[in-house]
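[1] build the 3D model from these lines:
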Amino acid sequence: MAKTEYLTAPVPSKKMPASMPAIMVTEAFERYAFYAFDAILALYLINNLLNLKGEKANLTEEQAMEWKHYFKAGVYFTPLIGSILSDLFLGKFRTIIAFSVVYCLGFLAITIDQTYVGTMIGLGLISLGAGIIKPCLSANVGDQFGQSNQNLITKAYNIFYWMVNFGAFFSMLISPWIYDKYDDVRIALGIPGFFMIIATLLYWLGRKSMVHIPPKGKVFFKDLLSKEGILIMVRLAFFIFIFIAVFWSLFDQTTSKWVYQAEKMDLTFLKWNISDQTFIGSVLSKLGGINQVEWKILPAQMQAVNSIIVLLAIPLFTYGVYPVINRFFRLTPIRKIGIGFFVAIPSFAIPAMLEKWIQNGSQPTIWWQVLAYFFITAGEVLISIPALEFSYTQAPKSMKSFISSFYLLAVSLGNLFVSFVNKFIQNPDGTVKLKGPNYYWFFTILMFATGIVFCIVIQFYKGKTYIQEEGNVEAS
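    Alright, predicted model coming up:
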């Protein structure tokens, strides 16, 4: 077979593809960039956004929620554009490289100008870049596998999701600290752009180890508009993704509504006072006075709790929970998703309780929010990873990126729903319709109803699995 510049089909192998390290490390850097920005965006919109006169815009909490979730909706809507560009014209690799540059320009715009104009341009370019490359990055993981090692796809997607949260954990811990430490917000805004430049470079350097599935051109549209293609989209949209959208309407409020709630709580994360008259206290005192510790966490840093729980939960679920349950009950991706809906329910019931305490004058410990993060994160592991894998396997070979973007469109719809809710509850006199605990109870009940309906509807789903064919392609 004639030599090509890159591999265009997976090579038969029982091992993990050689491209995995480059893809996974790139993903960690890209996610650091995105979440470092996303972690401080809710605070930026209230504290740093300037109007056209260069004065503080003074958005209300509900108005900031609108902005924030419209941005997230854009990030998860633009994958549709990326999937079409990728599957029809450019292929995944070139799409990723081209729009990573757009991504970087978005960070540059908002770093230079914090007025409505600069912020809108920056948010627009970031949502365009981050969104367009998103389905290509996840689908490119699956493209590296053929029939011989398809049994490793689940493991690869678990690693991929682990790397997402590895990058997110450090960004959510460090970025709010930088935002709080430096008065010049441009420092906190510019650092994510630097990490995105590194991510783009790393991905380009790993290009020769990757399988580059060529764009399908007319075949893509033929498959998309075929009876089978339309049925696949309808089945996934109405049996799976519309329900997942509800979960994401809850989850993505951890970066907005939960941050605002954390500002009203006791942010003491760790505290102890051991007398230096005791043996242990004496030793700790000599080690820098750490016998007396009071560590307060910043409200936006609480988002890192999600990532650290994911980092621990993925291997725990993969090698512990799932094998044990599988002995008694076969855990398919669909069953994991169904369980995840119910696991997520307490995640908003707990903040509802906290909001009631806050209204009554208490200042509850931030550890209550950690408990809420445990439930929402367990739900995420049970829903998001299986849905990502399921979306890839249900897509015909010419539509892998496009169907992956359908999954991401569910995230967009969830965020749009949050924006619409926050717009609807605002009264002309400045009051809100869903006040205090009622706001959280609304989403709690919605999640419960979603789980019930999903378990009924999914019984009627009929699907088919598609995996890339192998080839013996030499690369120069």
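
[2] what comes up buried for the host helix or strand of Glu30?
    Glu30 is part of helix 20-47 when elements are defined by DSSP states H and E. For helix 20-47, the neighbour count (16 or more other C-beta atoms under 10 Å) marks 20, 22-46 as buried. No exception for glycine: its C-beta is placed from N, CA and C like everyone else's.

[3] just checking, next helix/strand downstream of it?
    helix 61-77.

[4] quick one: contacts of that following helix?
    Here helix 61-77 makes contact (C-beta atoms under 8 Å, 6 or more residues apart in numbering) with 38, 41-42, 45-46, 59, 123-124, 126-128, 130-131, 134, 252, 255-257, 260, 408-413, 415-416, 418-419, 422-423, 425-426, 432.

[5] now, which of these lie within helices?
    38, 41-42, 45-46, 123-124, 126-128, 130-131, 134, 257, 260, 408-413, 415-416, 418-419, 422-423 (DSSP state H).

[6] just the buried members of these?
    So, of the ones in helices among the contacts of helix 61-77, 38, 41-42, 45-46, 123-124, 126-128, 130-131, 134, 257, 260, 408-413, 415-416, 418-419, 422 end up buried under the neighbour-count rule (16+ other C-beta under 10 Å).

[7] doesn't Val305 make contact with Phe169?
    No. Counting by C-beta atoms under 8 Å, Phe169 stays clear of Val305, with 9.0 Å between them.

[8] quick one, strands of the protein?
    With strands called from DSSP state E, the chain shows them at 268-273, 292-296.

[9] mean pLDDT lowest for which of these?
    Per-segment mean pLDDT for these reaches its minimum on strand 292-296, at a mean of 72.

[10] report how many residues lie close to Arg186.
    When neighbours are defined as other C-beta atoms under 10 Å, Arg186 has 14 of them.

[11] could you point out which residue ranges in the protein have low pLDDT?
    Applying pLDDT under 70 to the chain flags the ranges 1-4, 272-277, 279, 281, 283-284, 286-293, 397-398, 400-401, 463-476.

[12] any idea what Val432 is bridged to?
    Val432 has the following beta-bridge partners by DSSP bridges: Gln426.

[13] no wait, Leu270
    Bridge pairing for Leu270 - DSSP bridges - gives Trp295.

[14] is it true that it touches Thr365?
    No. Checked against C-beta under 8 Å, the pair Leu270 and Thr365 is beyond contact range at 11.2 Å.

[15] of those two, who's got more company?
    A count of neighbours by other C-beta under 10 Å puts Thr365 above the other of Leu270 and Thr365, at 15 against 10.

[16] which ones are touching the more buried one?
    Thr365 touches 265-266, 268, counting by C-beta under 8 Å, 6+ apart.

[17] closest one of those to Pro396?
    For those, the minimum distance to Pro396 (C-beta to C-beta) is 48.7 Å, reached by Met265.

[18] check contacts around the closest one.
    354, 358, 363-366, 368-369.

[19] wait, isn't Ala39 in contact with Asp180?
    No. Counting by C-beta under 8 Å, Ala39 does not reach Asp180; the two are 11.4 Å apart.

[20] what's the distance between Ile337 and Val381?
    Plainly put, Ile337 is 11 Å away from Val381 if you go by C-beta to C-beta, to the nearest Å.

[21] no no, Lys264
    Following C-beta to C-beta, the distance that separates Lys264 from Val381 is 29 Å.

[22] between the two, which is the more surrounded one?
    Taking other C-beta under 10 Å, Lys264 and Val381 do not tie; Val381 has more neighbours (24 against 16).

[23] great, nothing more from me.
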